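Chemist: build the 3D model from these lines:
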Amino acid sequence: SYTAEGETYVSLPDLLQAGGGELTLGADGTLALSGGSAPGSGDRDASPEGGNWLEACAPYELGAFELVLESEGDSMEIGGVSYTDGLLSDAAWNSQVLFNLQGKYRTLTVTAGHVDGSAMVDCTYNFYVDGKNVKTVTLKADALPVTIEVPLDYGQQLKIENLDTVAYTEFGFVDGYFAG
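Modeler: Predicted structure coming up:
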């Protein structure tokens, strides 16, 4: 490992070896991991590749938010791309969605953006963990989706709140995962 400009860098082979594995280069030029796993692997619940984040930690109160679930045949378009297994926020009214984290998670990473076809009005979302505002994000109606990382620090409750926009604008939260 080495440090440059205050950042520490570790080579991939060293990282994998620390997890008890070995990185090998095959005759066809492909890389393969054998034995063990990378440190920190398996600390996600319901990553975009591995399942529905809203089933891993389902919200218990939706307010004016709605679940958009593939299992129910629902989808939403954000930036011209169709998404399922997300939260749809109708930002015309003050609202909040609540999650019982049970002290299990370090972070929530989620993609958020304006739902195509709804009013072109920006909206601000506040993220609270155990009553403390840990992040505020203003989503722009004319922007592509953005990735948001919310520090949960093993708290008990997450509240995502929007203040009304007095317009029928909608924003979606998709491709989320809770990391522990």
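Chemist: what distance separates the one helix or strand Lys159 maps to from the middle of the whole chain?
Modeler: Secondary structure from DSSP states H and E places Lys159 in strand 157-162. The chain centre lies 14 Å from the centre of strand 157-162; the measure is Cα atoms, centre = their mean, to the nearest Å.
Chemist: can you check stretch 110-120 too?
Modeler: In terms of Cα atoms, centre = their mean, the centre of stretch 110-120 is set 15 Å apart from its chain centre.
Chemist: helix or strand for Thr111, which one?
Modeler: strand 107-114.
Chemist: which strands border that strand, and is each parallel or antiparallel?
Modeler: Strand 107-114 has its sheet partners listed here by DSSP bridges as strand 146-151 (antiparallel), strand 170-179 (antiparallel).
Chemist: what angle do that strand and strand 157-162 make?
Modeler: Between strand 107-114 and strand 157-162, the angle comes out at 20 degrees (axes from the mean of the first three to the mean of the last three Cα atoms, to 10 degrees).
Chemist: show me how far strand 107-114 is from its chain's centre.
Modeler: Using Cα atoms, centre = their mean, the offset of strand 107-114 from its chain centre is 4 Å.
Chemist: pull the CA atoms of that strand into CSV?
Modeler: Only the C-alpha atoms of strand 107-114 are listed here, as CSV (Å, rounded to 0.1, in the frame of the first residue of the first chain):
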residue,chain,number,x,y,z
THR,A,107,-24.7,3.3,5.0
LEU,A,108,-27.5,3.5,2.4
THR,A,109,-26.5,4.1,-1.2
VAL,A,110,-29.4,4.9,-3.5
THR,A,111,-29.9,6.5,-6.9
ALA,A,112,-32.4,9.3,-7.1
GLY,A,113,-33.9,11.4,-9.9
HIS,A,114,-36.8,13.2,-11.4
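Chemist: neighbouring contacts of that strand?
Modeler: If you take Cβ atoms under 8 Å, 6 or more residues apart in numbering as the criterion, strand 107-114 is touched by 53, 78-79, 120, 125, 137, 139-152, 158, 169-179. All C-beta atoms are positioned from the backbone trio N, CA, C, and that covers glycine.
Chemist: tell me where the protein has helices.
Modeler: Ranges of helices in the chain, per DSSP state H, are 12-18, 53-56.
Chemist: lowest average confidence across these, which one?
Modeler: Ranked by mean pLDDT, the helices of the chain end with helix 12-18 in last place, scoring a mean of 55.
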